[in-house]
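Participant: Sequence plus predicted model, see below.
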Amino acid sequence: MDTDVEFREVQRFRQRWLWALMLGVLLAECAALVGVVRAEATVALPGVAFGAVIAVGVLALLWSARMETEVRADGLYVRFVPFHRTPRRFAFADIARCEARTYRPIAEYGGWGLRGGAYNVSGDRGAQLHLRNGDAMLIGSQRAEALAEAVNRHLS
């Protein structure tokens with residue numbers, strides 16, 4: 001880890017409702033697979049097996065996914081693992097201001113994840129970046145005030 005990291009947060013998709021939904025889909029696929037095998041319906045077997053494999057893959061992806069947020073001396077870095085190979089850097093020179101705020105994930109951004117104008121994993125708190133080019137970017141955080149303070153220390 002870099003020695004110049006002033007703020008670091010790692011968030012994961014751990015919402016109970018999301019896991020209940022995904023496990024329900026997996027159980028439904030497994031039940032369908034068992035039904036096809038018992039009925040010896042070999043024509044349907046590849047499709048149902050493929051569905052079960054996809055469900056397991058999505059579960060594994062969600063389990064391994066994480067959002068890493070860091071404030072360093074030269075900018076704010078956000079990385080969504082495994083989707084980003086390297087972090088996205090927001091240079092402090094490009095940020096006009098930053099404020100902690102409550103937001104509505106579904107209404108404002110269509111949910112959680114990599115969304116137009118937002119990087120968020122869970123919850124409804126984040127640091128709103130107001131960029132000098134007029135754009136805005138929300139960085140979801142369980143420690144929104146601390147993130148905004150860390151960014152604001154570098155803004156002039």
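Facilitator: Looks like it came in fine.
Participant: Give me the three-state assignment for residue 134.
Facilitator: coil (DSSP: H, G, I helix; E, B strand; the rest coil).
Participant: For it, give me its contacts.
Facilitator: Under the criterion of Cβ atoms under 8 Å, 6 or more residues apart in numbering, residue 134 has no contact partners. In this view, the C-beta of every residue, glycine as well, is placed from N, C-alpha and C.
Participant: what does the helix or strand of the chain with the lowest mean pLDDT rub up against?
Facilitator: The helix or strand of the chain with the lowest confidence, counting by mean pLDDT, DSSP states H and E, is helix 16-39 at a mean of 81. With Cβ under 8 Å, 6+ apart as the test, helix 16-39 has contacts from 44-45, 48-49, 51-52, 55-56, 58-59, 62.
Participant: Just the ones in helices from the residues you listed, please.
Facilitator: 45, 48-49, 51-52, 55-56, 58-59, 62 (DSSP state H).
Participant: Now, of the residues you listed, which are buried?
Facilitator: The neighbour-count test (16 or more other Cβ atoms under 10 Å) marks 48, 51-52, 55 as buried among the ones in helices among the contacts of helix 16-39.
Participant: buried set for the least confident helix or strand of the chain?
Facilitator: 22, 25-26, 29, 32-33, 36.
Participant: tell me which of the residues you listed is nearest to residue 139?
Facilitator: residue 22 (25.1 Å; Cβ to Cβ).
Participant: Residue 115 versus that closest one, what's the distance?
Facilitator: In this view, residue 22 and residue 115 are 19 Å apart by Cβ to Cβ, to the nearest Å.
Participant: cool, residue 137 as well?
Facilitator: Taking Cβ to Cβ, one finds residue 137 at 10 Å from residue 115.
Participant: now do residue 130
Facilitator: 17 Å.
Participant: next one: residue 75
Facilitator: Counting by Cβ to Cβ - residue 75 and residue 115 are separated by 21 Å.
Participant: Which one of these two is surrounded by more residues?
Facilitator: residue 75 (18 against 15; other Cβ atoms under 10 Å).
Participant: Kindly confirm whether my reading is correct that that one touches residue 98.
Facilitator: No: using Cβ atoms under 8 Å, residue 75 is not in contact with residue 98, being 11.9 Å away.
Participant: May I see the buried residues of stretch 96-110?
Facilitator: Neighbour counts over stretch 96-110 (16+ other Cβ under 10 Å) mark 98, 100, 103, 105, 109 as buried.
Participant: Can you list which of those residues are found in strands?
Facilitator: Under the assignment DSSP state E, those contribute 98, 100 to strands.
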